[in-house]
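Build the 3D model from these lines:
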Amino acid sequence: MGKFQSTKLFSGFTCCFRQWKAVETHCKYLHGYAVSFKVIFEGELDHKNWVWDFGGMKRAKNLIDGMQPKAWMDYMFDHTILVAKDDPMLKLINELEHNQIAQVRVVEATGAEKFAEFIFNKLDKFVRYETDGRVRVAKVEFMEHGKNTAIYEG
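Predicted coordinates:
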């Protein structure tokens with residue numbers, strides 16, 4: 001028996017971050033990207049013969065961290081600084097937000113691989129709940145730009 005998948009690309013985000021543990025490279029510095037991510041949905045077809053409604057994030061009944069899914073994506077990735085919770089400069093970076101210089105978002109860890117995992121975990125839980133378990137997120141591909149991507153598969 002086959003399975004159905006569909007994909008949706010979410011793009012148009014700009015954010016910056018740093019890999020503070022990469023002391024031997026320039027990645028230790030704050031640097032920004034135009035980021036996007038592709039979500040691969042997998043599941044049974046609904047009454048419209050769709051796995052996932054491509055506009056489903058706009059029409060969702062459920063929330064991610066108290067926000068509509070698209071608003072959550074903008075909150076996390078649009079004109080933000082993503083900082084790892086164990087970054088030794090966290091307090092200093094948070095001062096940028098306190099002084100209304102930047103929108104800082106604290107995450108478990110930074111980097112394309114960890115962002116793919118982060119998005120996967122948020123969206124998979126949301127999609128399963130939104131579809132009463134009919135659909136899951138199979139994988140997320142996070143793109144720093146056209147040349148660098150990382151994939152997390154559940």
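
Only C-alpha atoms from now on, for both contacts and neighbour counts.
Fine.

ok, and for the helix or strand where residue 126 lies, which residues are buried?
Per DSSP states H and E, residue 126 falls inside helix 112-130. Residues of helix 112-130 classed as buried: 112-121, 123-124, 126-127, 129-130 (neighbour count, 16 or more other CA atoms under 10 Å).

how about the CA coordinates for the helix or strand following that helix, as PDB?
The helix or strand immediately downstream of helix 112-130 is strand 135-143, counting by DSSP H and E. Extracted C-alpha coordinates of strand 135-143, given in PDB (Å, rounded to 0.1, in the frame of the first residue of the first chain):
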ATOM      1  CA  VAL A 135      -1.200  13.500   9.000                       C
ATOM      2  CA  ARG A 136       2.300  13.800  10.400                       C
ATOM      3  CA  VAL A 137       5.400  15.800   9.500                       C
ATOM      4  CA  ALA A 138       7.700  13.300   7.800                       C
ATOM      5  CA  LYS A 139      10.700  15.700   7.600                       C
ATOM      6  CA  VAL A 140      11.800  19.400   7.600                       C
ATOM      7  CA  GLU A 141      14.500  20.800   5.400                       C
ATOM      8  CA  PHE A 142      15.900  24.100   6.700                       C
ATOM      9  CA  MET A 143      17.700  26.300   4.200                       C
END
